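just need the structure, nothing else, for what follows:
(chains A, B, C, D and E, ligands or ions: 4)
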Amino acid sequence: MNQQAAMDLRQARRSLWRERLAEDWRVFRRNPLGRIGLTLLIMFGLMAVCSYIPPMINPMYNPMTGVDPHIMASTGPSARHWLGTDFMGRDIFAQLLAGARVAFMVGVSAAFMAVVLGTALGMTAGYMGGLTDTLLMRAADMIMVMPTLLVVLMLAALFGQLNIWTIVLMIALFRWPGVSRVVRAQTLSLKQRPFIDAARVAGASHPRIIFRHIMPNVLPLAFLYMTFRVTSAIVIEAALAFLGFGDPGTVSWGMMLQWVWKTGHMFQAMYWLLPPGLCISLITLSFYMLGRAMDEVLDPRLRDETSAG
Amino acid sequence: MKRFIIKRMAQVVVVLFLILTVLFVLFRLAPGDPVERMVDPNLTLEEAEHLVEQLGLKEPILTQYGIYLKNFAMGHFGHSFHYGQPVAEVIWEKLPNTILLFTTAVILAALVGVSWGKIAAWSKGKWKDLAFTVAALVTHTLFLPWLALLLVWFFGYRLEWFPITGMMSEEVWLDPDTAWWQKAWDVGYHMMLPLLTLFLIHFGSYLLVMRSSMLDTLKEDYIVTARAKGLSEKAIRNRHAAPNAMLPVVTSVGLSLAFSINGGALTETVFSWPGIGRELVFAVSHNDYPLAQACFLLIATVVLFSNVVVDVLYAYLDPRIRY
Amino acid sequence: MSSAQETILELRQVTKRYQTRGNILGRGKKEVLALNRISLQVRAGEIFGLVGESGSGKTTAGRLIVGLEKPDEGGIFLNGQDIVGLQGKALRRYRRQVQMVFQDPYQSFNPQVSIMDSVGEPLLTQGVAKGVEREQMVLAALKEAGLSPAESYAFRFPHQLSGGQRQRVAIARAMILEPSLLVADEPTSMLDASYSAQIFDLLLGVRGRLGATVLFITHSLASARYLCDRVAVIYRGNLMEIGPAQEVIRNPRHPYTQALLDATPKFGRCEDIPRFNTLLRAERPAADSGVGCGFFRRCGLAQRARCSMEAPEFRAMGEGHLCACHYAEPGPAQADQGGECHLGA
Amino acid sequence: MTLLDVQNLSIGYQTAEGLLQAVEGVSFSLEAGQSLGLVGESGCGKTTIGMALMGLLPPNGRITGGHVLLNGRDLRELTEEEMRQVRWKEVAMIFQAAMNALNPVQRVGDQMIEAIVEHQPVSKAQARQRVEGLYQLVGMPVERIDDYPHQYSGGMKQRAIIAMALANKPKLIIADEPTTALDVIVQDQILQETKNLQHEFNIGIIFISHDISIVAEVCQTIGVMYAGQLVEIGGAEQVFYDPRHPYTKALVASFPTLAGERKELKPIPGEPPHLINAIMGCRFCDRCPRSEAQCKLDRPAWQQVAAGHHVLCDHC
Amino acid sequence: WAAPAQSAGNGILKIGVLEEPKSLNLWLASDAWSNRILSLMYQPLYLREPNSMELVPWLAAEQPDFDHKTLTCTVKLRPAKWSDGSDFTAEDVVFTGHMIYLYQMPRHYSKWKFIEKVEAVDKHTVRFVLNKPMAIFLSRTLTTPIVQKKQWASLVKQLEGSERALQEILQHDFEEPSVTGPFVVDKWKKGVFVYMKKNPHFFGQGQTIGGHKLGPHIKGIIFKIYGTADAAILALRKGDIDFYWNDIQAGYLKSIENDPDIKLFTNTKSGVYYLGFNLRRAPMDDVAFRRAVATLIAKEFIIKRILQGYGEVLHSMIPPGNEVFYNPNVPKHGAGLDRAQRVKAAYEILSRAGYTWETPPVDAQGKVQKARGIKTPDGKPLREVVILTPPADYDPHRAMSGQMIQEWLREVGIPVVSRPMAFGALIQTVKTQHDFDCFVLGYGKLALDPGYLRAFFHSSQDKPKGWNMSGYNNPEFDQLATESDETMDTAKRRDLIFKMQEILMSEVPYIPLYNPVLVEGVRADRFTGWVPALGGIGNIWSLCEIQAK
Ligand SMILES: Nc1ncnc2c1ncn2[C@@H]1O[C@H](COP(=O)(O)OP(=O)(O)OP(=O)(O)O)[C@@H](O)[C@H]1O
Ligand SMILES: Nc1ncnc2c1ncn2[C@@H]1O[C@H](COP(=O)(O)OP(=O)(O)OP(=O)(O)O)[C@@H](O)[C@H]1O
Ligand SMILES: [Mg+2]
Ligand SMILES: [Mg+2]
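Numbering: from 1, shown residues only, chains lettered A, B, ... in the order given. Ligands and ions are numbered 1, 2, ... in the order given. Next comes the predicted model:
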């Protein structure tokens, strides 16, 4: 009997979360922006996954090192090279696929780091207040006024040899303040909310308040910010590569654009100029749209509207 | 108000000092010295050593730091390794160009973005809103260098309408008879493409921010009041909704300034617009540290001061805030 | 009314000040005297009403009592033990005895936490029960609060409940540890009349069945009269009048209480309600230091020389009825005219 | 002549879950200079009616049936431009959230001048003079005309809005919970002033509140609303002393009073129905102590219980 | 919209360049872009004639009179004028020499420090006294551009005793430098254009020097600064410029090859692109290993595929265009072999040196197979070798060459990775830290005098920041190099240089790969008379000779 009851309760608890996710999903799905964004992202995800295939078919499809033995200059699309080849006879399509992988890698990992850092620091500052808050926020202010691209550019020039992970790390280091400011503001406002008082009256300790009560309310926001940070990380990496300060050993879309630009194929190789830029723009767009859609899912006003009545 | 401004300025100075120090440390931490990177077989080892010494790179670090701070305080930003000229002069030559391009673009984008954002929010759900929003979303997320290259390709190469580089035609400037307006026209003509690039990228973000801020504002009660007062739609939109909706836009402009400067540098680089952004990229790739340092500092200063200006502007626009 | 006469809670000369945050520069920084030397005693088993307008410091008093904040001066005693400055374990133990229901049912629940976990939180943090046992206790508490079937409410998020339901959940949460004192901070001010009656019933039940003492904070004299055994009227942090509910409301002695009663819209058979037409002045300046009478700024009777300098003593006006006014006299209320009823004027 | 005649008004909101029938079949009328109170719990459609009378329903709201006749003119047939002329000139509104009803970045005086200039051929200077007059009328210091709203206290804001409502001498004012956010003492002052002004200018007032005691203090006629319907309407005394509808009865019974004996309050059990679902019969039947099986199915009809006292219940 | 001005008509030549000069200060501006402009202004005593590559008297009036016994050289000067109208005299030459010596002028000092004395014999005669015989005296010292004493003397005087005199000099900025060349800068709009007008005092005007009848026949030159190649190419196609003074990348060639309005000139450069080894480390210290690598590299493939034909194979560290010093008979590892043969040859070299494999690259039947498990002669597995290259965007050719070399070496089982590295970092790693295995670098503009061989491979240059990046150390070579440096007789010196090349190519510290070919484009319809030369048509001779069509 008791066991049965316990099972029922567990089930009820599970279905509660299922329902909540289902509801979020419903709201999300209603949003055309979200639908388009997600579809595009899935497409890019597939591209990233598929990037492993061409080099397996033929080593000449290796995006960085594979050259078509019969082609010595950039050629247009053909059956053999769907999007043509670059100036050395490398397959543009294979590069494009590899670029998707790099974009995800850079975007997601930089954004993740920035958001984790920003959330942790923002919550610390907001919850602790006082000197900690002041110091952290002054630091954030200072970093925030730096144009990230130019900073990373300068560091790249100074320290030479940037590999893709150092770039990711630097983007993360310079993009956290925005997140932490928002998280801090949110933490501050949460701290003022009566339910925190209610938890304190219930006897909750500081860690419990932080992790059980504040964090779940901050995380969606952090997650939302992550999608926006992903776009900025991808764009910064691409711009860096475009300017020639990227990781020379990585085929990213920005790098592809740089090759087409620097090797003088801009005017005759549309097939080479268009795809990488389009991909960067579209992936940015899709993360952006995803973020906007999530914003609406998270927007409490909206939730209250649907729950009212 | 005055006290607030003074206090903010003091903050800016402190932050600048920090940035200055960080820059110094970074440049000293960086491996190698600038001479080392001059790969010229004509430069013998002996000569290189002598040059390093002459450039003052062999002094003790603290001495260098002291000299560096003193010079900055006195407005000497050193000499560019590359041009041999005082950095200030180099920057002084390029700064007006950047200001011309960047501010024109940002102001135009802000005007268009804000007014279209206003209209889009006002006609939410209608085709106008859809068209504006989609246009903004697309242009806002376009990869700037790519957009620039496409514009170069289309307007410069295909249509041959606009020059794709530089900021003036030498004929115009060599001819002693050209009137000032011809020169202005010439610069404007050269500015078309970079301006268009920056404009497109920025207007989207202004539009989106304005639109969502306006949508928030439209939910406010005083808008209902304005309606109830029987005001015309235009009056409600322009007198009540827009001024309130502008507030978040102003803040977001201030906050995104650092980010748009990235775009400015990229645009200048692609279009060889002789401005600060391009100069910074150039200096960085030519290891011209004094120049890079000064350009960066200038940019940081501009951003910091603009943030102060934004704060003040905000207070001006929002009577609830009184410093 | 109440048989138990021993004091469970005592506030002794409690003062609380707040620094309002000025702007970034620190300009406009002000000190707000939220509570000014308040002393009162709550007896075990009674429902004690704390009545006052918005901003009078009612919530502040509640927060001090449950230990969410510390008084700047004075002491708060529960069963004779000073609770000011309790920390850590001691504070947690204290909170098993004192719980609070907050004003805003929409804000006092974590939107990310289910009702089950919200209500069960005290059990967990106080180490009373875990797992299935905890869940059963939560269900029982919800049932107690009139939410049945409890299972269907337990596994919802706060936004899926109406305001009245939430406030009942809040009471369930506060009562799950079976505290001896419950602070109810305007539990109905955000609710519709039809819900408030439910909440009142619940609070009466809490007192009746569980024998808990209730400190009922409200701005409405009518609900105070309905619910409370004794009431205290406060104005801007100053205690004005204290006494049996019926006595204070039907026979107010303090000009402020009188003004409050005058202003309260009445309906129903209200012929027997006296009207005092107390003279209220527009605000006049006074030192904000807490000396003098708290009501001096608006009082029509007050004389500067006396009232602004000398804080009035509490004087007995009747059986357990105290009033802090230089001009109040014991005896029946002196109404200007009796029973003007505003109904359908 | 009847100032306002609302006939069978129904209003729906288009929501994600479907059409929300916020108001259904509401009829009442108001003579010039009279006051009508609408009471009912939160979400019963009071504000919706007020907004519909102003022609200011939100984009997803729509009048789905009925007529609104103002001085014999059907407001539903007016064009948007004509409606604009009506607003504030003939019908003014005092809003629920007075705190937010003033534009925070405009001076209060300017906002009032705007309301005058929009509807009357006067210069700004003249309008300003008028505003000064209005300030005196509502007992506010004239020198604070040029302040911003945030510099006013809650009561002052409310007074300013009342003054603004009077700016064009409208015949009808809709006051939607004008005092909810105020302290009792201030509330009392405002209610008194409202009453005085109404008498002085012979204005019809529709007074909306969820607090019966406030409505009781101000209005001659009272309409009780429940879940989008008007369930009882009649003179104030009739409704409060002799409530007929079970809901009205319950409402009166659940309200603590200052006078008389301390009577026991009787809470109304349950929750109001969801308005998304089409409701066939009586909307109150789930919570009604007297409900019968038939109540659920039959649409209740209006009964006259006394002169001018009507109830929407088949069993009263 | 603005129509391209017909520049030929008004006698102004428009040249497109990518960067503007650093400054007009000769001592600072040594880079290629500044040089394009400064070389038209500051003139040396002797200049190479483009066809014969011989030095011809330029500011000098006749060939130098060198007395080998006293190590004295007397040079007679032309009557010439500075652009400010004052006379060019022997004092200016003496002053220039003193300046270089005094301040250890970077890039010049090494060419002058062996000069004992330089003096003005009379107004038009200079006498140099050397403290030892020096081969580069004629070809490099006497080709130093001369600056005007009048203009610099006051500054030099001011700087007496200054600690940072050199810095001051480098940072000195003249509004209007006095020069002797055919053009002077008239207007310089920073970042936009440089306008040079004809120098009315140019000594060569109307003269015939080295068989060339000199103009200039044009009124002036506008250097338009295009930051990017695409813009410049577009300008050339549209006719906005008459000459794009830079190498046209293969990518652009397709679009302009068939343009009748554009004429392309193809010239070799004086460049060497090579693979360098770090001889301080195993296995690169093993000459057999290096030879095997050299054998495996198919230079023709690199030229054909990577350079798309725009280059010539190099077999020596001196490019063949340097006809005097190029030794055609050096060992040419693997020349003419196909892939399989290369693998076999390399296999043979390595196995003879004691390398072993688990699976050798060539099986018992002599067929090439996939090699595995290569071990060094001492039986240890061969460690991974890293080839550093500049990144593809800096120079796609070098980066790609590195990739190809990696593939080729793997054919015999040598574990190699090619790693592109940002240019600055690469130099730092290779030149300063010596922390590398192999690298691919190159020089695009080597002097014709082979003195650089000594710099690159002399053991004295093997120190941090020294030019001997390989750490090559061969006493015999050192001896030859020093001797050749001090041999002033060209024939004798040539023998020494030949021998040095043989030693180098047999020990291969560097494997020369290719010398790119330079493609330049001019408008065919505007100016004629371009003078092709080693290093392209962009040279002072061209600009002195071209005429509007
Ligand atoms: N955290 C705080 N910081 C500054 N001032 C505060 C703070 N909390 C309360 N106050 C001030 O203290 C005074 C008393 O506030 P309190 O919330 O106790 O009033 P209340 O009687 O509960 O009012 P209400 O009926 O509006 O809830 C008010 O003037 C308020 O502005
Ligand atoms: N814009 C809207 N969209 C959808 N539903 C709405 C909208 N506005 C109001 N509603 C719904 O219509 C019903 C009536 O709302 P209304 O605001 O008229 O109630 P009310 O009686 O004024 O309540 P309160 O006392 O809370 O102000 C409610 O159920 C509400 O949820
Ligand atoms: Mg309170
Ligand atoms: Mg309402």
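
which ones are touching the residue lying closest to E:Pro415 once chain neighbours are set aside?
Leaving aside its chain neighbours, E:Pro415 sits nearest to E:Glu384 (4.4 Å; criterion: CB to CB, 6 or more residues apart in numbering or on different chains). Placement of C-beta: from N, CA and C, glycine included. By CB atoms under 8 Å, 6 or more residues apart in numbering or on different chains, the residues touching E:Glu384 are E:Pro415, E:Val416, E:Val417.

what strand or helix carries B:Thr104?
With elements taken from DSSP states H and E, the one containing B:Thr104 is helix B:87-122.

does chain D have contacts with whichever helix or strand comes after that helix?
Using DSSP H and E, the helix or strand that follows helix B:87-122 in sequence is helix B:127-141. No: interface with chain D: helix B:127-141 contributes nothing (CB under 8 Å from any CB of the partner chain), its closest point being 12.3 Å away.

what's the helix or strand following helix B:127-141 packed up against?
Counting by DSSP H and E, the element after helix B:127-141 in chain order, helix or strand, is helix B:144-151. The contact analysis (3 or more CB pairs under 8 Å, 6 or more residues apart in numbering or on different chains; DSSP states H and E) places helix B:144-151 against helix A:215-243, helix A:253-262, helix A:270-298, helix B:180-218, helix B:242-270.

winner for burial among the ones you listed?
Greatest average neighbour count among the helices and strands packed on helix B:144-151 goes to helix A:253-262 (a mean of 27), per mean count of other CB atoms under 10 Å in any protein chain shown.

contacts for that helix?
Contacts of helix A:253-262 (CB under 8 Å, 6+ apart): A:86-87, A:92, A:95-96, A:99, A:102-103, A:237-244, A:246, A:265-266, A:269, A:272-273, A:275-277, A:279-280, B:143, B:145-146, B:149, E:228-230, E:392-393, E:396.

okay, the angle between it and helix B:144-151?
Calculated by axes from the mean of the first three to the mean of the last three CA atoms, to 10 degrees, helix A:253-262 forms an angle of 40 degrees with helix B:144-151.

indicate whether the helix holding B:Thr104 makes contact with chain E.
Yes: using CB under 8 Å from any CB, helix B:87-122 reaches chain E at B:Glu93, B:Lys94, B:Asn97.

pretty sure E:Leu45 contacts E:Pro145?
No: using CB atoms under 8 Å, E:Leu45 makes no contact with E:Pro145, being 9.2 Å away.

of these two, who's got more company?
E:Leu45 (24 against 19; other CB atoms under 10 Å in any protein chain shown).

what about the nearest residue to the more buried one once chain neighbours are set aside, neighbour count?
Nearest-residue entry for E:Leu45: E:Ala60, 4.2 Å, with adjacent residues in sequence omitted and distances by CB to CB, 6+ apart. Residues within reach of E:Ala60, counting by other CB under 10 Å, total 21.

what's the span of stretch E:203-213 from first residue to last?
End-to-end distance for stretch E:203-213, by CA to CA, to the nearest Å: 12 Å.

mind listing what E:Trp475 touches?
Heads up, residue E:475 is Pro, not Trp. Counting by CB under 8 Å, 6+ apart, E:Pro475 has contacts E:Ser459.

give me the phi and psi angles of it.
With angles defined as degrees, to the nearest 10, E:Pro475 sits at phi -60, psi -40.

let me see the contact set for residue 271.
Reading this off chain A. A:Gly76, A:Pro77, A:Leu83, A:Gly84, A:Ile92.

if you could check chain D rather than the one you did, that'd help
So D:Glu271 contacts C:Ser162, C:Gly164, C:Gln165, D:Arg287 (CB under 8 Å, 6+ apart).

hang on, A:Met123 packs against A:Ala185?
No: between A:Met123 and A:Ala185 there is no contact under CB under 8 Å: 11.1 Å.

the more surrounded of those two?
Remark: of A:Met123 and A:Ala185, A:Met123 carries more neighbours, 22 against 14, as counted by other CB under 10 Å.

now E:Ser139, nearest residue through space, not along the chain?
Per CB to CB, 6+ apart, closest to E:Ser139 is E:Asp449, 4.3 Å.

that neighbour contacts E:Thr141, correct?
No: using CB under 8 Å, E:Asp449 is not in contact with E:Thr141, being 10.3 Å away.

which one of these two has more residues nearby?
Neighbours were counted for E:Asp449 and for E:Thr141 using other CB under 10 Å; E:Thr141 has more, 25 against 19.

wait, does the host helix or strand of D:Val224 contact chain C?
The secondary structure element spanning D:Val224 is strand D:221-226 (assigned by DSSP H and E). No: using CB under 8 Å from any CB, strand D:221-226 never reaches chain C; the gap is at least 8.6 Å.

which SSE is immediately downstream of that strand?
strand D:229-235.

surely B:Glu59 meets B:Ile67?
Yes: between B:Glu59 and B:Ile67 there is a contact under CB under 8 Å: 7.5 Å.

shared neighbours of the two, which are they?
By CB under 8 Å, 6+ apart, no residue touches both B:Glu59 and B:Ile67.

tell me how many other residues crowd whichever residue of the stretch 101-250 of chain E sits closest to ligand 1.
Nearest residue of the stretch 101-250 of chain E to ligand 1 (CB to the nearest ligand atom) works out as E:Gly191 at 57.8 Å. When counting by other CB under 10 Å, one arrives at 23 neighbours for E:Gly191.

now swap in A:Arg101 and tell me
21.

before we move on, which element is the spatially most central residue of chain D in?
The centroid of chain D falls nearest to D:Ile208 when counting by CA atoms, centre = their mean (3.0 Å). Here D:Ile208, judged by DSSP H and E, is contained in strand D:204-209.

please save the CA atoms from that strand in CSV.
Only the C-alpha atoms of strand D:204-209 are listed here, as CSV (Å, rounded to 0.1, in the frame of the first residue of the first chain):
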residue,chain,number,x,y,z
GLY,D,204,-22.8,59.9,-15.0
ILE,D,205,-20.3,57.5,-13.4
ILE,D,206,-19.8,53.9,-13.9
PHE,D,207,-17.8,52.8,-10.8
ILE,D,208,-16.0,49.6,-11.1
SER,D,209,-14.6,47.8,-8.0
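
near chain D, which residues of the stretch 51-200 of chain B show up?
So far as CB under 8 Å from any CB goes, the stretch 51-200 of chain B lies against chain D at B:Lys124, B:Gly125.

can you name the residue of the stretch 51-200 of chain B nearest to ligand 1?
B:Ala121 (34.6 Å).

and what of the stretch 351-500 of chain E?
Counting by CB to the nearest ligand atom, the stretch 351-500 of chain E gets nearest ligand 1 through E:Ala422, at 55.2 Å.

can you pull the buried residues of the helix or strand bottoming out on mean pLDDT in chain D?
Using mean pLDDT, DSSP states H and E, helix D:293-297 stands out as the lowest-scoring helix or strand of chain D, at a mean of 80. For helix D:293-297, the neighbour count (16 or more other CB atoms under 10 Å in any protein chain shown) marks D:Cys295 as buried.
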